[in-house]
Each structure stands twice: as C-alpha cells, then as structure tokens.
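Asker: for reference, the sequence and a predicted model appear below.
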Amino acid sequence: MTLHINWGPDTLLRSFDDGLRWCFGCRKRLPHIGEIWGDSEPSYYEPVLVLKCSQCGKDRTRFGT
C-alpha cells in the first residue's frame, strides 16, 4: 500500500490588497489581503487564492465557514 500526501502549493506568487470585506469572525468590516499560492515549477494544479483578514489572519468572509 502506498500513501501519497499532497501538501498543497508551496510558493507565494502574488500578494495584493483586497479592500474592505466583512469578517464574520471579527464581526466588522476590515481590510483583507489576497494571496495567490502556487507551485514553484509548472504543475497540473492551478494556483489557489487565499483571503486573509488583517485582524484575525483567517478567511471568514463567507457566512457559516
């Protein structure tokens, strides 16, 4: 039996200001940062967008997550 664990993207490709968004964890509108993560070399998988709240550092922009 072989087990393969995919750790996900390892390289921060781009970071940008994503403006004010509602954070359901902090319960207020705060600046958010968008980060695009991907593999450092060509990969089968597309880059991943991650949003981070400036206060809690998590993506809590959607209700219920």
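Answerer: In hand now; what should we look at? All of these numbers come straight from a predicted model, not from anything done at the bench. Numbers count the residues shown, from 1 in each chain.
Asker: only C-alpha atoms for contact and neighbour calcs from this point on.
Answerer: OK.
Asker: please identify the buried residues of stretch 12-24?
Answerer: For stretch 12-24, the neighbour count (16 or more other C-alpha atoms under 10 Å) marks 21, 22, 23 as buried.
Asker: nearest to residue 38 among those residues?
Answerer: residue 21 (23.9 Å; C-alpha to C-alpha).
Asker: element containing the closest one, please.
Answerer: strand 11-23 (DSSP states H and E).
Asker: packing partners for the following helix or strand past that strand?
Answerer: Next helix or strand after strand 11-23 toward the C-terminus (DSSP H and E): strand 28-38. Strand 28-38 sits against strand 11-23, strand 48-53, with contacts defined as 3 or more C-alpha pairs under 8 Å, 6 or more residues apart in numbering; DSSP states H and E.
Asker: the last one packs against which elements?
Answerer: Here strand 48-53 is seen to pack against strand 28-38 when contacts are counted using 3+ C-alpha pairs under 8 Å, 6+ apart.
Asker: what's the angle between the strand it packs on and strand 48-53?
Answerer: 150 degrees (axes from the mean of the first three to the mean of the last three C-alpha atoms, to 10 degrees).
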